[in-house]
Structure formats: C-alpha cells, structure tokens
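Student: Generate coordinates for the sequence data below:
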Amino acid sequence: MANDKDRLEREIEEILGKIEEFPSASERRARQRRRTVNRVSSNVASWPQRQLARLSQIDMSQVMLLSFLLILGSFFLRSFSPLIMQWVLYLGVVLFIAAFAMIIMGRRGGGSVPQYWRGKPIQYKQPSMGDLARRWFGGNRRQR
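Tutor: Here you go, the predicted model:
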C-alpha cells in the first residue's frame with residue numbers, strides 16, 4: 001500500500017514538473033505555422049493524384065455521348081454566334097474521335113483471364129448511362 005502511494009506521488013510530481021516545461025507562445029505559434037504549411041503542401045502535392053483518380057472514373061461511352069451532344073448543340077448555336085458554333089463543333093468532333101480511339105484501343109488489350117467467385121464472373125464495371133436508361137425504360141414497360 002505504501003509502495004502504491006509512493007508511485008502515485010512520483011507520477012504526480014512528474015506531471016507537475018512537465019507543466020513547467022510547456023513551450024512558450026512563440027514556439028506554439030511556430031509549431032502551428034509548420035503544421036499549416038505541411039497540411040497545405042500535402043494537399044497541393046496530392047491534387048494531381050485526386051484529379052487523375054477522378055478522370056479514371058469517366059466511362060468512354062459517356063464521353064462519346066457528350067461529344068455527340070456537343071456536335072448536335074453546335075447546330076443550335078448557329079443562330080446566336082457562328083464563331084462559337086464552329087469551336088463547339090470542332091471540340092465535339094475531336095472528343096468523338098478521341099473517345100472512339102480509346103474504346104477501340106481498350107478492346108485490344110483483352111488478354112486478361114476472367115476471375116470467378118463462386119462460379120460467377122467478377123465484374124468491376126459500373127453500368128453505363130445507356131444501361132441505366134435501358135433498365136429504367138424497360139422496367140416501366142414491364143409494370144404496365
């Protein structure tokens with residue numbers, strides 16, 4: 001029992017001794033400044049990775065649909081501004097060609113072996129906008 005009291009008193013004295021060793025206000029401000037600079041620099045350094053991760057989630061069929069909508073929309077802009085119509089049309093055509101090339105190139109690398117889980121193939125692909133629209137319109141027809 002006396003041993004526990006001695007140990008408790010020593011711990012209390014250590015804690016009280018550390019209170020006097022607190023950093024000064026200028027040291028605390030400097031530490032806070034360093035933490036802020038480190039946080040900002042890590043956010044700036046990770047920005048390209050976040051953007052690439054966001055870009056990797058884009059489906060090429062959606063890009064192709066967007067390019068088609070740009071080409072179609074450019075014809076409606078003809079009455080407002082022929083210059084804008086021309087640039088939107090160029091952007092749509094370039095986007096369409098790029099998406100088409102990416103779809104074609106993506107199919108060539110099909111040498112991977114499909115993986116199965118409990119006899120069913122594992123698919124990591126998200127449903128495209130066309131699949132969702134077909135499911136939605138198809139589901140409405142069946143309910144009638």
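Student: For Ile58, which three-state class applies?
Tutor: When classified by DSSP: H, G, I helix; E, B strand; the rest coil, Ile58 comes out as coil.
Student: for this structure, which spans come out with low pLDDT?
Tutor: In the predicted model of the chain, residues 1, 107-112, 139-144 satisfy pLDDT under 70.
Student: can you map out the strands along it?
Tutor: 116-117, 120-121 (DSSP state E).
Student: what would the ones you listed look like in a markdown table with mean neighbour count and distance to Met85?
Tutor: C-betas here are computed from N, CA, C, even on glycine. Converted to a markdown table, these look like this (neighbours: other CB atoms under 10 Å; distance: least, CB to CB, whole Å):
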| stretch | mean neighbour count | distance to Met85 |
| --- | --- | --- |
| strand 116-117 | 8 | 51 |
| strand 120-121 | 8 | 46 |
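Student: Please identify which of those is closest to Trp136.
Tutor: strand 120-121 (24.4 Å; CB to CB).
Student: Neighbouring strands - and their directions - for the closest one?
Tutor: Within its sheet, and counting by DSSP bridges, strand 120-121 is paired with strand 116-117 (antiparallel).
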